[in-house]
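J.: Quick one, fold the following:
(one chain, ligands or ions: 1)
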Amino acid sequence: MAHTQMALDSLDFDATVALATATAPHVDILEIGTPCIKHNGIKLLETLRAKFPNNKILVDLKTADAGFYEAEPFFKAGADIVTVLGVSDIGTVKGVIDVANKYGKKAQVDLINVADKVAKTKEVAKLGAHIIGIHTGLDQQAAGQTPFADLAAIAALNLGVEISVAGGVKAATTAQVRDAGATIIVAGAAIYGAADPAAAAAEITAIAHA
Ligand SMILES: O=C([C@H](O)CO)[C@H](O)[C@H](O)COP(=O)(O)O
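T.: Predicted coordinates:
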């Protein structure tokens with residue numbers, strides 16, 4: 001059984017709220033994607049927090065510096081999970097973990113572009129990271145990459161931390177990702193690019209929850 005996360009990657013405020021309204025009943029976590037939060041800011045988080053009390057909200061800040069300082073306003077505004085880049089300084093990662101703990105929330109370390117993902121996972125798990133994010137970004141997907149090999153390597157560590165997987169996951173690959181050890185399955189394009197996003201979200205969640 002894994003939880004599902006809908007990645008809201010539009011730049012448009014109203015389109016994002018509309019997509020969240022259609023899909024929120026069918027997923028566990030709403031993700032405000034990096035381009036979306038940069039474009040729309042904390043007001044969007046406040047709007048989604050008020051409208052969707054039953055969903056967790058992840059803000060994909062991909063923080064690269066000043067971890068505590070950057071993440072704190074988002075936890076204050078109701079984020080449940082905030083992301084920090086694994087390639088950033090270890091002090092930055094620690095800052096996001098510390099501020100997550102201050103608010104009883106979670107820090108996710110995104111392994112995008114980390115050279116030694118196994119070593120980084122061990123390091124940040126020791127530091128108290130709540131979630132490891134295995135992530136093949138949109139540009140990496142365009143170059144033909146997938147997250148599956150990284151998932152196998154990180155799951156094999158059995159560190160007891162949550163594992164989130166993002167990078168082109170769709171209904172056809174959800175069972176594979178679930179069975180390989182993901183605890184959070186992220187889907188963006190597979191949902192917002194579908195003719196019926198609510199139905200696509202429901203299909204992926206039914207598989208993830210099985
Ligand atoms: O994090 C993402 C991307 O890097 C933009 O910041 C996406 O939200 C994530 O990859 C999930 O989207 P899909 O790969 O389209 O499922």
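
J.: Do a quick rundown of the helices in this structure.
T.: 13-23, 34-40, 42-51, 67-76, 90-102, 117-127, 138-142, 148-155, 171-179, 189-192, 197-209 (DSSP state H).

J.: Once you drop chain neighbours, what's closest to the closest residue to the ligand within the chain?
T.: In the chain, no residue comes nearer to the ligand than Gly188, which is 2.6 Å away by CB to the nearest ligand atom. Every C-beta, even on glycine, is put in place using the N, C-alpha and C of the backbone. Nearest residue to Gly188 in three dimensions, chain neighbours excluded: Ala7, at 3.2 Å (CB to CB, 6 or more residues apart in numbering).

J.: pLDDT value on the one you found, please?
T.: Ala7 carries a pLDDT value of 98.

J.: What score does the residue of the chain closest to the ligand have for pLDDT?
T.: At Gly188, pLDDT is 98.

J.: That one reaches Thr16, doesn't it?
T.: No: at 12.0 Å, Gly188 does not count as touching Thr16 under the criterion of CB atoms under 8 Å.

J.: okay, those two: which has more neighbours?
T.: Thr16 (24 against 21; other CB atoms under 10 Å).

J.: ok so, going back, and the residue nearest to Gly188, how close does it get to Gly78?
T.: From Ala7 across to Gly78, the span is 18 Å (CB to CB, to the nearest Å).

J.: Before I go, just wanted to say thanks for your time.
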